[in-house]
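K.L.:
generate coordinates for the sequence data below:
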Amino acid sequence: MKILKVLESRNRCLKKIFEFSDNFLSQLNENDLSDFQAFEIWRNSAIKTLSLYDNYINTLTETLSSEEKNEKFKSSLRNMLEISKNYIYYIQTIDEKIIEKIEKEKASLLKSLAAAEQSKKSVAKFRSEIASKSGGQLDGKI
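P.N.:
Numbers count the residues shown, from 1 in each chain. Got it, this is the predicted structure:
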């Protein structure tokens, strides 16, 4: 049946998303964010593909006859949907870990930026104090 083949293809797509996300998470665990943009682009494309599958499945569902909706079909459909459900759960779990890693990196960068800004202010204050003590002239060595 065509709808089962499409669901099978959709599950292969979910599997690829799972594998790709898992590989990206492995890179993040090594503090490697270099492929983040490529991951984001690929992921958005894969999600669009899933959306196309879903739309096609909805169209096919509307055309199913009563005879086609027999127990064997329903059983196969339940199995396919269970596989989908599992992949989606695994992807969601990985996504949560990816978001956590990105949030930690963001916090670390913000902390570094705050420290750099504080250092900049300290140097400016130091230069200002030196300039006022020397009569407003700096020798250019600071």
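K.L.:
show me what the helix or strand containing residue 55 is packed up against.
P.N.:
Using DSSP states H and E, residue 55 sits within helix 36-62. Packing contacts for helix 36-62, counted by 3 or more Cβ pairs under 8 Å, 6 or more residues apart in numbering; DSSP states H and E, involve helix 2-29. For glycine as for every other residue, the C-beta is placed from the backbone atoms N, C-alpha and C.
K.L.:
and the helix it packs on, what's buried?
P.N.:
By neighbour count on 16 or more other Cβ atoms under 10 Å, the buried set for helix 2-29 is 3, 6-7, 10-11, 13-14, 17-18, 20-21, 24-25, 27-28.
K.L.:
just how off-centre is the helix or strand of the chain with the lowest mean pLDDT within its chain?
P.N.:
None of the helices or strands of the chain scores lower by mean pLDDT, DSSP states H and E than helix 71-133, at a mean of 88. Relative to the centre of its chain, helix 71-133 is centred 9 Å away, using Cα atoms, centre = their mean, to the nearest Å.
K.L.:
now it against helix 36-62, angle please.
P.N.:
Helix 71-133 runs at 150 degrees relative to helix 36-62, counting by axes from the mean of the first three to the mean of the last three Cα atoms, to 10 degrees.
K.L.:
tell me which other helices or strands helix 71-133 touches.
P.N.:
Applying 3+ Cβ pairs under 8 Å, 6+ apart, we find helix 71-133 packed against helix 2-29.
K.L.:
rerun that using 10 Å as the cut-off
P.N.:
Using 3 or more Cβ pairs under 10 Å, 6 or more residues apart in numbering; DSSP states H and E, the elements in contact with helix 71-133 are helix 2-29, helix 36-62.
K.L.:
just want the angle from the first one to helix 36-62.
P.N.:
So that's helix 2-29. 160 degrees.
K.L.:
state the mean pLDDT of stretch 8-18.
P.N.:
Stretch 8-18 shows an average pLDDT of 97 in the prediction.
K.L.:
export that stretch as CSV, just CAs?
P.N.:
Extracted in CSV, the C-alpha atoms of stretch 8-18 (Å, rounded to 0.1, in the frame of the first residue of the first chain):
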residue,chain,number,x,y,z
GLU,A,8,8.5,4.0,5.7
SER,A,9,10.2,6.8,3.8
ARG,A,10,9.2,9.3,6.5
ASN,A,11,10.7,7.0,9.1
ARG,A,12,14.0,6.8,7.1
CYS,A,13,14.0,10.6,7.1
LEU,A,14,13.5,10.7,10.9
LYS,A,15,16.3,8.2,11.3
LYS,A,16,18.6,10.5,9.3
ILE,A,17,17.6,13.5,11.5
PHE,A,18,18.3,11.4,14.6
